[in-house]
Structure formats: structure tokens, C-alpha cells
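>>> what follows is a predicted structure for the sequence shown.
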Amino acid sequence: ADLTIEAPALAISKTLATAQPLLPGGMASYQLRVSNMAAVAPTYGQITVTDVLPAGLTYASATGAGWTCGAAAQTLTCTSTAMLGAGETSVIRLTVGVAADAPATITNTASVIGGGADCTGAACSSSVTASVQAPLLGISKTLTTAKPLHAGGTASYQLVVRNNAVSAPTEGTITVTDSLPTGLTPTSATGTDWTCSIAVSTVTCTFATALGSNSVAPVITVQANVLATAPATLTNTAQVAGGGDLLCVAGDAAPARCKASTEAAVQAPQLKLAKALTTATPLLPGGTASHTLTVSNIAASAPTAGII
């Protein structure tokens, strides 16, 4: 009778051992499991595992019993001459660094050849896709004009957008919206690399340059007139959205880090009228009398504007 001997039949599976999302600037660990299928011949000769690391990952180390591993640039190569019997598995543990500018998703593929196996099928390669922490935008707003504001005067605000630490670089356009309250009329909005426009009382600025992890965009300066009819308190809120931040969206649903407010009291002019008789008393019937009227703006009040 003919005797059929099954050749070795290798397979590889790759899994991510680090919780997702991966953290830019952090580390990640993978397991590569090389197996010889059941009911086949043992492997013989050298088994080679290759893993070309994608952009966003850098090699740190790779270890496994019976394996000799090293990396050249982005290519990891591990070799072993240890025999794998039918149904046996050998594990390589790969540690990589996650770049600060890693993309939002990273797909990593490993493959295996050798060991006497005809490794050309799908079982001889394995891929795993990992998500990287999305951008985490934040915004701050500062009133640079001394408080209190003066009715009829001006106000200047600075808006600063940041991408927080341990987050992916931003993608696409970042949009800042500053809807000025009643009592403030925007007159200008400027910032390096920002494109700003004003529509009635709303300032909108867009920024198309990527912000890396723990990076700050150029300052936006918003100038406004304080109306003579401004209320006693002005609260101004700006909001940032976009840039690949999945939570910083326009509207009330955005988390607190996507919004910034500043409050300032408004001091109106406080006029006082005083009247004094300058003619000696008693007044004489048929004579004349002279009075002096004095208008003053009391201390710690806003300057007057317009006609008194």
C-alpha cells in the first residue's frame, strides 16, 4: 500500500496585546503565534517570520523561545530552527513604539515561510488593525482688555486652540466659532494661518494645518466694540470643532474642553449734575440771579460717549 506523508502546514496569527486606542508617544505589544497544523509532519529546517512595521510604529524588541529576532529599518525578521510538531505553536512577543504623529489607524501584517511547508495561502499571513487615540482638542479664551469694560469702549479677546497631550495629530479643518453676546459688536478677527470672517455678531475662523500631540495653534485675536447700551455683565463663549476630534462638534453636546467662556462687568458712565447759586443772597426783587450748572462723570465709571 502507498504511504502518504503530510507535509508541515504552517499558519500565523497576529494579535494586539495592548488595549486600544494606542497612545501616541507610548508603546504597544503584539503576539505572533506560529503554528503547525494538526495531523501533519513536523517542521524541519528554518522557519522565518517577517513583519514590516507601518508608518507610526518603530521597532523596540522581539523575543520568543527558540527565536532569533532583529530589525533593519522597519522590517522585523525572526528565525527559528526548532521543530514544531503537529498541532504545536510557538509565540513571538513584539514590542513597538507608537509615534507622536501616528495616524488614526495602524494596520500591521506579519507572514511566515519555511519549515518545510509550502506557505503560500492566506494562513501564512495575518494582519491586525489598531486605532490610535483621536485628537483631543481644547480651547481657552482670555479677555486682554482691563476690567471692567467701558460702555462705548472696546474689548479684545485672545482664543487659543490646542491638541492635548497623548493624542493623535489633527486631521482636516479645525473651526472656531465665537458668537458675541448682545452688547458686543465684533470689528476684526485675525490669527496666523487662520482664515477668519465676521457675520453680524458671529466670528468664524478655520485652520487647515495639522496640530501634533501636545501642540498649540497660533493665537486668534478678536476685537469688539462695547455698545453704550451693553448690559452690566457680558459673557462671551467660543467653541472649537473638527480636526478629527470625534467629540468636539458644534452645539451643546460637545464636552467642556471644546468650549471656553469669559465674563466681564461693564461700567457705564455715571453722570452727576450739580447746581449752585453764584449771586449773593438775599436776592433783590427786580434784580438778577446767576446759577452754575456742573456736569461730572463720577470716579471709576466709563468715559462718556456721544452727546450729553
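Happy to help now that I have it.

>>> which SS state does Ala123 fall under?
Taken by DSSP: H, G, I helix; E, B strand; the rest coil, the conformation at Ala123 corresponds to helix.

>>> count of neighbours near it?
Counted with other Cβ atoms under 10 Å, the neighbours of Ala123 add up to 16. Just so you know, the C-beta spots here come from the backbone N, C-alpha and C atoms, and that holds for glycine as well.

>>> now name the helix or strand holding the closest residue to it other than its chain neighbours.
Leaving aside its chain neighbours, Ala123 sits nearest to Ala11 (3.9 Å; criterion: Cβ to Cβ, 6 or more residues apart in numbering). Using DSSP states H and E, the element containing Ala11 is strand 10-16.

>>> list the neighbouring strands of that strand plus their orientation.
Strand pairing for strand 10-16, using DSSP bridges, gives strand 27-36 (antiparallel).

>>> how far does the strand it pairs with sit from its chain's centre?
Computed by Cα atoms, centre = their mean, to the nearest Å, the chain-centroid distance of strand 27-36 equals 31 Å.

>>> buried sites along the strand holding Ala11?
Buried residues in strand 10-16, defined by neighbour count with 16 or more other Cβ atoms under 10 Å: Leu10, Ala11, Ile12, Ser13, Lys14, Leu16.

>>> about what we covered before: ok, so what distance separates the residue nearest to Ala123 from Ala55?
Separation of Ala11 from Ala55 (Cβ to Cβ, to the nearest Å): 27 Å.

>>> Leu227 now?
Leu227 is 53 Å from Ala55, by Cβ to Cβ.

>>> the more surrounded of these two?
Between Leu227 and Ala55, counting by other Cβ under 10 Å, Leu227 is the more crowded of the two (17 against 11).

>>> what pLDDT does the more buried one get?
With respect to pLDDT, Leu227 scores 93.

>>> okay, now the residue nearest to it when sequence neighbours are not counted: neighbour count?
Closest residue to Leu227 apart from its sequence neighbours, by Cβ to Cβ, 6+ apart: Gly183 at 5.2 Å. Neighbour count for Gly183, taken as other Cβ under 10 Å: 23.

>>> report the contact partners of Gly183.
Taking Cβ atoms under 8 Å, 6 or more residues apart in numbering as the contact definition, Gly183 lies against Val226, Leu227, Thr229, Ala230, Pro231, Leu234, Val266.

>>> are any of these buried, and if so which?
Looking at the contacts of Gly183 with 16+ other Cβ under 10 Å, the buried ones turn out to be Val226, Leu227, Ala230, Leu234, Val266.

>>> residues near Val295, how many?
Val295, neighbours per other Cβ under 10 Å, totals 10.

>>> one step back: double-check the residue nearest to Ala123 against Ala38; I have them as touching.
No: between Ala11 and Ala38 there is no contact under Cβ atoms under 8 Å: 10.9 Å.

>>> so, low pLDDT: which residues of the stretch 201-308 of the chain?
For the stretch 201-308 of the chain, residues meeting the criterion pLDDT under 70 lie at 268, 299-305.

>>> show me the buried ones among the contacts of Gly183 that map onto strands.
Of these, the ones assigned to strands by DSSP state E are Val226, Leu234, Val266.

>>> in a markdown table, list the residues you listed along with distance to Gly97.
Formatted as a markdown table, these follow (distance: Cβ to Cβ, whole Å):
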| residue | distance to Gly97 |
| --- | --- |
| Val226 | 52 |
| Leu234 | 48 |
| Val266 | 53 |
